[in-house]
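# Show me the folded form of this:
(chains A and B)
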Number of protein chains: 2
Amino acid sequence: MSAPVSAAGRLTVVGLGPGPAEMMTGEALAAVAGASDLFGYGPYLARLALGEGQVAHASDNREELGRAGAALRLAAEGREVAMVSGGDPGVFAMAAAVCEAVEAGPAAWRAVELAVVPGVTAMLAVAARVGAPLGHDFCALSLSDNLKPWEVVEARLRAATGAGFVLAFYNPVSRARPWQLGRAFEVLREVLPGEVVVVFGRAVGRADEAVRVVPLAEAAAGMADMATCVIVGSRETRLVERPGREALVYTPRSLGAER
Amino acid sequence: MSAPVSAAGRLTVVGLGPGPAEMMTGEALAAVAGASDLFGYGPYLARLALGEGQVAHASDNREELGRAGAALRLAAEGREVAMVSGGDPGVFAMAAAVCEAVEAGPAAWRAVELAVVPGVTAMLAVAARVGAPLGHDFCALSLSDNLKPWEVVEARLRAATGAGFVLAFYNPVSRARPWQLGRAFEVLREVLPGEVVVVFGRAVGRADEAVRVVPLAEAAAGMADMATCVIVGSRETRLVERPGREALVYTPRSLGAER
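Presented below is the predicted three-dimensional model:
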């Protein structure tokens, strides 16, 4: 067992935002600086400048529940533990995995002081780059069928677009899930006009950032990778051309507003 | 006309997050510090410690389009203008209003360099306080019927809950809209069990923060005010009791996961 750092022990799940330090909140920076032990997916931990004496416990990005348990175990021993997460930890990220581990784990884990520090989640960063595509009602949807049947994904796509929501897709594609995004675009083309605006936002704020805006008719799975968040506009979403500048994409606050 | 500060002129729409400075990003702090002129709803501007020479243009919270136009006019004259917004500017806030003003306004406004700095939006801050209720697919929905017919709100509530989304309500109630939230709970009680978890998160991060978790059967409009974001769980959302601590609320990453 490690030496106790504090009597109570604490686990803070920290949202790092999209990538660069200037897109982190002060609260997140302080939580990282104050931790004795940091858990997380290797590349996220690698972004942080850790001090001497801070222990980094890097893991694979698929071992979420195991990682959550390891962090809770150390926190229950009295360490000051941080679990880092890209974007916001509450949106398709580590906070739910930690809560699942608390529910399934030993009673001592329920005594751990648990805090979640929110961050800028990917869809907000992507939206900001092009204007305000999430300016009206929207849904956030993971396209991964590791965690739910694909039929549920399709039913949700149809329900959300039928009701006029803008959509933001997380986990649009991975090596193990190559066809899901293409199939999602097929479903959307059955119910939405081809002119509807689609935004592919990759690695926003990082050196390899790439943002692309295309009509739904031309949207293809190859335009996304694991680091991409995809926003699909509604029938109301507008494209505003600007001479010498990128077009703005926004969804008006009013439904059916006169323009 | 004001004296030009730079040849180009720029308008940055800045997300201040839920309230306290430590929940702002470094990028947002820098955008505020670098502005010659700041526009925004009075109470948001009042949160900021502005330097000498920075001009604050406070306005009423209902004058969004007029405020956007005034900011664009000053930016087009060459000033370094910031428009501050609570939470994230892209979620039911100022970024869409600015884009609308650009589309409707004179050609000179399309030449303004426009940037949006994302922030922590209310639903993320509220979710973080209780665990991870937004850990699976969710929708963000404004309950204001100033900007869309109430029938559309009800149709979206039914479509989203029918498809299993968690819901986050923005603008749940105001003096001019006293009955909408109560009616929304009535609609939800027709389609969801009374045990579904509802979270009322008010003024998260501020001195008057108040967070309350109740079953849908007991949820009432009087539990919210204008500063509240309401999260309505799905049938999957879990409540984890913890001796001596607040219960955790989370939505599992897996649909129908064994527990």
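# Quick check: next helix or strand after the host helix or strand of A:Ala28?
Assigned by DSSP states H and E, A:Ala28 falls within helix A:26-33. Once the chain leaves helix A:26-33, the next helix or strand it forms, by DSSP H and E, is strand A:37-41.
# Give me the sheet partners of that next one and which way each runs.
strand A:55-59 (parallel), strand A:80-85 (parallel) (DSSP bridges).
# which residues pair with the residue lying closest to A:Gly42 once chain neighbours are set aside across the strands?
Nearest non-adjacent residue to A:Gly42, counting by CB to CB, 6 or more residues apart in numbering or on different chains: A:Ala58, 3.9 Å away. Just so you know, the C-beta spots here come from the backbone N, C-alpha and C atoms, and that holds for glycine as well. A:Ala58 has these beta-bridge partners by DSSP bridges: A:Gly40.
# same question, A:Gly201
As assigned using DSSP bridges, the partners bridged with A:Gly201 are A:Val211, A:Cys229.
# Tell me, how many residues neighbour it?
Applying other CB atoms under 10 Å in any protein chain shown, we find 27 residues neighbouring A:Gly201.
# all helices in the stretch 151-259 of chain A, in order from the N-terminus.
Ranges of helices within the stretch 151-259 of chain A are A:180-191, based on DSSP state H, counting those that start in this stretch.
# Just name the most buried of the strands paired with strand A:37-41.
Greatest average neighbour count among those goes to strand A:80-85 (a mean of 28), per mean count of other CB atoms under 10 Å in any protein chain shown.
# can you list the residues that contact that one?
A:5-6, A:9-16, A:31-32, A:34-41, A:44-45, A:48, A:67-68, A:71, A:74-75, A:89, A:93-95, A:98, A:119 (CB atoms under 8 Å, 6 or more residues apart in numbering or on different chains).
# out of the residues you listed, which are buried?
A:5, A:9-16, A:31-32, A:35-41, A:44-45, A:48, A:67-68, A:71, A:74-75, A:89, A:93-95, A:98, A:119 (16 or more other CB atoms under 10 Å in any protein chain shown).
# Setting the sequence-adjacent residues aside, check what's closest to A:Val117.
A:Val14 (4.7 Å).
# these two touch, right, the one you found and A:Gly119?
Yes. Shown here, A:Val14 and A:Gly119 form a contact pair, counting by CB atoms under 8 Å, at 7.4 Å.
# joint contacts of the two?
Contacts common to A:Val14 and A:Gly119, judged by CB under 8 Å, 6+ apart, are A:28, A:85, A:89.
# pLDDT-wise, what's the bottom of the residues you listed?
Across the set of the shared contacts of A:Val14 and A:Gly119, A:Ser85 stands lowest in pLDDT, at 95.
# could you check the distance from that one over to A:Val102?
16 Å (CB to CB, to the nearest Å).
# Then A:Leu74?
Distance from A:Leu74 to A:Val102, by CB to CB: 14 Å.
# where does chain A dip in pLDDT?
A:1-8, A:256-259 (pLDDT under 70).
# same thing but 90
For chain A, the stretches flagged by pLDDT under 90 are A:1-9, A:47, A:59-65, A:145-147, A:174-176, A:254-259.
# Show me the strands in it, by range?
Using DSSP state E, the strands of chain A run over A:10-15, A:37-41, A:55-59, A:80-85, A:113-117, A:131-132, A:138-142, A:166-170, A:197-202, A:210-215, A:228-232, A:238-242, A:245-250.
# hmm, the shortest one touching chain B?
To tie it back to what came earlier, the one meant is strand A:131-132. Yes. Interface with chain B: strand A:131-132 contributes A:131-132 (CB under 8 Å from any CB of the partner chain).
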